[in-house]
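*Asks:* coordinates only, sequence not included:
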């Protein structure tokens, strides 16, 4: 069973700072997801990647398959980025569910 | 608008009662999932279904039951056998059943409190 570890667990930063959240996993994967959960509980998918790097607006996600590691970066952070960021992986093929990290609670102060 | 709906958002039940959580999607997705979220823990898979009339247990299926009579619906019943049912329950779906590269779409969740 894949073990997914995220760091840090909690992060407080000032508006405008560059943010990095890390995710490592123990077993080879077919895909890695970065998700965002807002205080109300709803979850949205930010990225799904299996190699390389993806960028969407101020968000960048990278993955290193050999090192079993992924990072989520936020440039020019803003208070509206405050949320829980969750890393999740799918270990094999098919439609079995994801294995999730515990999440990183990010607070951006104005 | 296409999406996943879960109802109700908040649910209170007395200990010993069964309760059914609703999950409906109009995305025409093949696969559907139920996850449970507890404070300080990652989401954990309860059950999933790849096609109508078929479903598989996840990591924490004990005390739960599901059905998949229609493609768009995947209700979850929390039975009295579930020792710690108070949690946040999330339903999700993916477009294709047999694919490892599938974006997961999540519903808004139901917060169940057992008194």
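*Replies:* Arrived safely, thanks for sending. Values in this document were obtained by computation on a predicted structure and should not be read as measured data.

*Asks:* and residue A:80, which of the three is it?
*Replies:* Secondary structure state of residue A:80, per DSSP: H, G, I helix; E, B strand; the rest coil, is helix.

*Asks:* give the contact list for it.
*Replies:* Neighbour list for residue A:80: residue A:108 [criterion: Cβ atoms under 8 Å, 6 or more residues apart in numbering or on different chains]. C-beta here means a position set from N, CA and C on the backbone, and glycine is covered the same way.

*Asks:* Spatially central residue in chain B, please.
*Replies:* Nearest to the geometric centre of chain B sits residue B:34, at 2.7 Å (Cα atoms, centre = their mean).

*Asks:* Can you name the residues that contact that residue?
*Replies:* Counting by Cβ under 8 Å, 6+ apart, residue B:34 makes contact with B:21, B:23, B:45-48, B:58, B:64, B:66, B:74, B:76, B:89-92.

*Asks:* and chain A, which of these contact it?
*Replies:* B:45, B:48, B:58, B:90 (Cβ under 8 Å from any Cβ of the partner chain).

*Asks:* Show the pLDDT at the last one.
*Replies:* The per-residue pLDDT reported for residue B:90 equals 95.

*Asks:* need the residues of chain B near chain A, please.
*Replies:* Looking at chain A, the residues of chain B close enough under Cβ under 8 Å from any Cβ are B:30-31, B:33, B:35, B:37, B:40-45, B:48, B:50, B:56, B:58, B:88, B:90, B:94, B:96-109, B:111.

*Asks:* rewinding a little: pLDDT score for the nearest residue to the residue nearest to the centre of chain B once chain neighbours are set aside?
*Replies:* Take residue B:34 and drop its neighbours on the chain: the residue closest to it by Cβ to Cβ, 6 or more residues apart in numbering or on different chains is residue B:46, 4.3 Å away. With respect to pLDDT, residue B:46 scores 96.

*Asks:* Check what contacts whichever strand or helix holds residue B:46 and list those residues.
*Replies:* Assigned by DSSP states H and E, residue B:46 falls within strand B:44-51. Residues from elsewhere that reach strand B:44-51 (Cβ under 8 Å, 6+ apart): A:94-98, A:100, B:30-38, B:55-61, B:64, B:66, B:68, B:74, B:76, B:89, B:97-98.

*Asks:* in the next helix or strand after it, what counts as buried?
*Replies:* Using DSSP H and E, the helix or strand that follows strand B:44-51 in sequence is strand B:54-57. Residues of strand B:54-57 classed as buried by neighbour count (16 or more other Cβ atoms under 10 Å in any protein chain shown): residue B:55.

*Asks:* Give the pairing partners of strand B:54-57; include direction for each.
*Replies:* If you go by DSSP bridges, strand B:54-57 pairs up with strand B:44-51 (antiparallel).

*Asks:* And the partner strand, what's buried?
*Replies:* Residues of strand B:44-51 classed as buried by neighbour count (16+ other Cβ under 10 Å): B:44-50.

*Asks:* Dump the residues you listed to a markdown table, plus distance to residue A:104.
*Replies:* Formatted as a markdown table, those follow (distance: Cβ to Cβ, whole Å):
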| residue | distance to residue A:104 |
| --- | --- |
| B:44 | 18 |
| B:45 | 21 |
| B:46 | 24 |
| B:47 | 27 |
| B:48 | 25 |
| B:49 | 30 |
| B:50 | 31 |
